[in-house]
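Enquirer: model the following, please.
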Amino acid sequence: MTFIRTVRPADASGDVRDMYERQEDHWGFVPNYAKAFSHRPEALARWGRLLAELRRPADDRRFELVTFAAAYALRNSGCTLVHGKELSKFIGEDAVVAIANGREADVLPDIDVAIVQLARQVAKDATQVTSGLIDRLKYRHDLSDAEVFDIVALAAGRAFFAKLLDGLGVQIDSTWKVLNSDFRESLRIGRPIDLSTPEHLPADHAA
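Expert: Model (predicted):
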């Protein structure tokens with residue numbers, strides 16, 4: 001569901017069809033967020049390239065930690081569920097829920113607590129980021145200025161994507177209902193899960 005009309009997979013052609021094919025190759029269906037970009041498919045391609053560059057310097061665990069903290073602060077159900085699931089592969093579902101509840105100090109080492117708190121504040125209100133938050137990472141945990149930049153850039157980038165989708169009313173696809181129900185409901189902070197069956201490209205359009 002979105003608040004704007006989007007191009008149905010069955011009607012897609014040209015650049016939109018190509019974009020849908022790439023998304024279906026990755027997810028196994030055409031996700032709702034991709035349909036939201038059907039009027040500007042190049043914008044999704046450019047976002048993908050930017051995200052890849054922002055992600056490149058960080059290891060997978062830190063990327064998921066920063067992205068999850070930012071997504072939850074932004075109240076985007078889709079990004080929170082997707083990246084909460086990925087983060088749980090590193091720290092477990094209970095720890096992910098603890099972070100969502102603001103109890104990261106109970107489940108994470110101090111460096112990760114500081115990373116979560118910085119990412120969360122960038123997403124909530126970047127004007128309230130203090131030098132103390134930055135200095136804690138630089139001088140207590142020996143992160144470089146470049147590493148601090150990476151954390152802030154990932155959180156800020158997530159704000160673009162999450163706010164764009166929520167501003168258009170995009171709901172996360174029903175495939176995510178397969179997650180453990182307690183875990184899922186702990187993380188579904190924003191828009192509800194779409195109950196409709198995910199769409200696919202017609203067979204003659206499949207890659």
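Enquirer: any idea how far R191 is from E42?
Expert: 25 Å (CB to CB, to the nearest Å). C-beta here means a position set from N, CA and C on the backbone, and glycine is covered the same way.
Enquirer: quick one: which of those two has more around it?
Expert: Using other CB atoms under 10 Å as the criterion, E42 and R191 rank with R191 on top: 17 against 10.
Enquirer: quick one, phi psi at that one?
Expert: Backbone torsions of R191, given as degrees, to the nearest 10, read phi -70, psi 150.
Enquirer: ok, now P202?
Expert: phi -60, psi 150.
Enquirer: assess the claim that A12 and R22 are in contact.
Expert: No - when contacts are counted by CB atoms under 8 Å, A12 is not listed as touching R22 (11.8 Å).
Enquirer: how about the secondary structure of D135?
Expert: Classification of D135 using DSSP: H, G, I helix; E, B strand; the rest coil returns helix.
Enquirer: check it and give its pLDDT.
Expert: pLDDT for D135: 98.
Enquirer: burial measure for it, as a count.
Expert: By the measure other CB under 10 Å, the count of residues near D135 is 12.
Enquirer: so how far is S144 from it?
Expert: 13 Å.
Enquirer: now V97
Expert: Taking CB to CB, one finds V97 at 31 Å from S144.
Enquirer: next one: A155
Expert: Distance of A155 to S144, computed by CB to CB: 17 Å.
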